[in-house]
Structure formats: C-alpha cells, structure tokens
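**Q** Starting from these lines, generate the structure:
(one chain, ligands or ions: 1)
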Amino acid sequence: MSTSDTSLKSKVSPTFDVQKVRIDFPILSKTAYDKPLVYFDNAATAQKPVQVIKAIEEYYTNYNANIHRGVHYLSQRASDLYDGTRSVVQKFINAKSENEIIFTKGTTEGINLIAQTFGRQIINEGDEIILTEMEHHANIVPWQLLCEEKKATIKVIPINDKGELELEKLDALISDKTKLISLVHISNSLGTINPVKEIISKAHKHNIPVCVDGAQSVVHEEVDVQDFDCDFFVFSSHKMLGPTGVGVLYGKEKWLDSMPPYQGGGDMIKRVSFDGTTFGESPSKFEAGTPNIAGVIGLRYAVEYYNQLDRSACTNYEKDLLEYATEQISKISSVKIWGEAKEKEAVLSFTVDGVNSLDLGMYLDTQGIAVRTGQHCTEPVMDKFGINGTIRVSFMFYNTKHEIDYLLMNIVEGIKLLGA
Ligand code: PLP
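**A** Numbers count the residues shown, from 1 in each chain. You can find the predicted model right below:
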C-alpha cells in the first residue's frame, strides 16, 4: 500500500499534514508478512516517533548515569533531563505545581498507589467507592483489593445500550458513605468520552474526591487538570508516543502532602536511622529507588512531540477518521458496532454475526493489519452487552483513510472466508 493518500486532503484541516507526521514514525513503513503494516492497535500502545527513540538511545549512548546521587557530569546531565521532564509534564496537563507530578510505571501503578496510600487513609469499614461499568480492570481491581481489606463496598454507575453513563443514576448512588469516585475519561473499549468535569463538580458538592483514569484521553485531547478540578489524574507514557514502563500520577498538592509513602527505599527519605525514618516531600516521597530514567526522558520527548503539533487539528483529524470508518463499516449488514455514544473518540469496537472475532482478527493479521480482539480488560462491559469480546480498531493521528479502506476491504474478504 502506498503511503500517499489524497482522499484526506479535502476534509482535513490544512494545518494537519498526515504524511509529514508519518515520516516521524519509522515502524509505519515496515511490513508484516510482506504486506505493508497497518497499525490499528493504538489504544493498546502507540507507535513511537524517531525523536523519542533517539532520545532514549542518546541517554544510553552519551550520558547514562544514576540521578540525584552523583556530582559528576553524567549524573548531573541525566538528573537535569529527568527533573526537567516534570515541569514539561506539569505544563502539558496544566498542573499548578511540579510537585504534583509523580512518575510511576503507568496508569495501573498510579491507581494502585492512590488506592494503597490515599485510599487506605480515607476508606473505613462500611464506606463506599463509586466506579463506572466501563472501567478498565486497572480501575476496578485495586479498589476491590482495598474494599476487601477495609470491608468497604463498590457501587457502579451503569451504562446504557449506546455505552454512555446513565448519569441520572449518580445522585441515588451517592450517600454520606461515599468517600471516592474513580472513573475513566475515555473508554478504551467503547471510545465513550465521559463528562468528567460535570461529574467532578457534582462530587465536590458532596466533598467527594475524584480520580480520573486518563490513559486514553491525554492521547487525544488537551487535558487541563485545574479546569477539571480533579483530585487525581493518571496516565501512561506508552499510549501517548512515549516508552513503556513510565506513567504519571497527578495529585492535588493538599492530598499528596497528607498521603503516606507508597514504597520505601532510597531517594524518598529525609533521614534514616534505626530509630526511625523521615520522608521527603512530594514528589520524591512517592518515587523510591532508581526510577526509569531513560523512560522518563523518552516521555519528555513524547510530550514535546505533542507540543509541536496542532492539537485541535489532530483531534479533528482523528474524529474524521472515526466517522469515516464508522460510516464505511456500517455498510456491512452483519457488523454490529458496540459503543455508539454521542461523545466518542478514536475507538471502533464491533462484532460480525456468524464470524468469530478472534478468527477475523487473525485473518486481518495475515494481511498486515494489527487490530485487537477480546475483552480489552473491560470484562464488565462485555458482560453488560452479553458478548465475549469485540474486534477493536483504534486510531491515532498517523492513520489514514487509505488504511481504513484497506481494512474494510479485508474485513469483507475475511467475512467471505470465515462466515457460516
Ligand atoms: N485504563 C485504561 C482506560 C486503559 O486503556 C489502560 C490500558 O489499556 C489502562 C488503564 C492500563 O494502562 P497500563 O497498562 O499502561 O498501566
């Protein structure tokens, strides 16, 4: 398949040039089984621009050293880049202070950290935590572990048949026992964009703090944590062009200051003796041990990559891709789309009557197309719809309509081959 795609030019903002960005992603010009690679598994992890790849290579080639511990040149250079990333991320999500940015391993670790520190502080026997029916397992299991320990309960905001939250039920779920609401901003299996600002405002009227799982949203939307007024916001670097093994936990300073450490070790203490230990302030209090230095530096370059893009042009472009793919796939009568929220982004989940999703995913793979099949770590969503999985096509601004046409052609071929 050629990378030239004239069909895009009419509808897309003139400030967004997909061919220009594609050049930055070396993997997009590779092949799979001698077919040009078409990558539609972006919600699982995004591809990396050459700027991020080179930054990591450069760290290991030119200034690999541990941070915060050496007076020597290499350590200082590595420390400067690592520490400097905090203010780059702070500005990216418009946090008030650098101290509100904690580097983690990813969204999963961020939520576990909150559950095991803040959660353990505020949740007592009989208390309640509100989640939604569309959560990723990463925003369910850490709270279940906490609730089991504390004899607390989880309540769930249900979703309707379109995959939207039934927000009219929230009032009835909130009680004087509700101590926390934790919810996903954009669903990874349905693409639904939740009205987090509205939910946070309602929760705060009852003095309930809110944690937002932003794993899919920082990727596609400009996030302003002060505007949301969320108490916590978590995301992963690898879904937003950066390396794996790194993530960000944003927390309001007032909470971070009052929270106990998550793990103990080097770099998070003020003073240690066998009589006792005093801890550093946030963020070091939450970053015990040698961190993922190369990963954090890679994240910095991923954020800087986003910063030089026209974000709203990107978002519009991605919305245009989703709309086009939805329109085209709807022409296949045996296809059923799961997730038809009015506010939706970047994810197209579907099943085909009479065709096993895994088989179709494997057929697409033979044609060089990477999609995801299964439950996407959202088993309650699948239970709600009474299905055991979907095929998920997830978009990034480097995808093209030409790729969508190629996907559609192969879905039709696959159905012919595999259908009853
Ligand atoms: N939350 C959502 C909405 C996700 O999509 C994912 C990953 O797919 C996660 C949480 C977990 O992210 P990670 O595996 O990077 O910790």
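
**Q** per-domain residue ranges of the protein.
**A** 3-48+310-419, 57-307 (automatic domain parsing).

**Q** Now the stretch 251-400 of the chain against the ligand: closest residue?
**A** Nearest to the ligand in the stretch 251-400 of the chain, going by C-beta to the nearest ligand atom, is residue 377, at a distance of 6.0 Å. Heads up, the C-betas are built off the backbone N, CA and C, glycines and all.

**Q** pretty sure that residue is in a helix, no?
**A** No. Counting by DSSP: H, G, I helix; E, B strand; the rest coil, residue 377 is located in no helix; its state is coil.

**Q** give the contact list for it.
**A** Contact partners of residue 377, counting by C-beta atoms under 8 Å, 6 or more residues apart in numbering, are 136, 137, 138, 188, 189.

**Q** repeat that for 7 Å
**A** 136, 137 (C-beta atoms under 7 Å, 6 or more residues apart in numbering).

**Q** For it, give me the pLDDT.
**A** As summarised for this prediction, residue 377 has a pLDDT of 97.

**Q** just residue 275 next, same as before
**A** pLDDT at residue 275 comes out at 89.

**Q** Pick out the shakiest of the domains of the chain, pLDDT-wise.
**A** domain 3-48+310-419 (a mean of 93).

**Q** Next to the ligand in this structure, residues from the stretch 201-350 of the chain, please.
**A** Contact residues (C-beta under 6 Å from any ligand atom) of the stretch 201-350 of the chain with the ligand: 213, 215, 216, 236.

**Q** okay, now the second one: neighbour count?
**A** Yep, that's residue 215 we're talking about. By other C-beta atoms under 10 Å, 27 other residues sit near residue 215.

**Q** nearest residue to it other than its sequence neighbours?
**A** residue 107 (4.3 Å; C-beta to C-beta, 6 or more residues apart in numbering).

**Q** go on, the third one?
**A** Using C-beta to C-beta, 6+ apart and skipping the chain neighbours, the partner closest in space to residue 216 is residue 186 (4.0 Å).

**Q** Show me the beta-bridge partners of that neighbour.
**A** residue 193 (DSSP bridges).

**Q** Give me the neighbour count for the nearest residue to residue 42 once chain neighbours are set aside.
**A** Using C-beta to C-beta, 6+ apart and skipping residues adjacent in sequence, the residue nearest residue 42 is residue 396, 4.1 Å away. Residues near residue 396, counting by other C-beta under 10 Å, number 25.

**Q** Could you do residue 61 as well?
**A** 9.

**Q** C-terminal to the helix or strand hosting it, what's the next element?
**A** For residue 61, the host element (DSSP states H and E) is helix 50-62. Using DSSP H and E, the helix or strand that follows helix 50-62 towards the C-terminus is helix 73-92.

**Q** Does residue 185 touch residue 194 like I think?
**A** Yes. At 6.0 Å, residue 185 and residue 194 qualify as touching, with contact defined as C-beta atoms under 7 Å.

**Q** Understood, closing this out.
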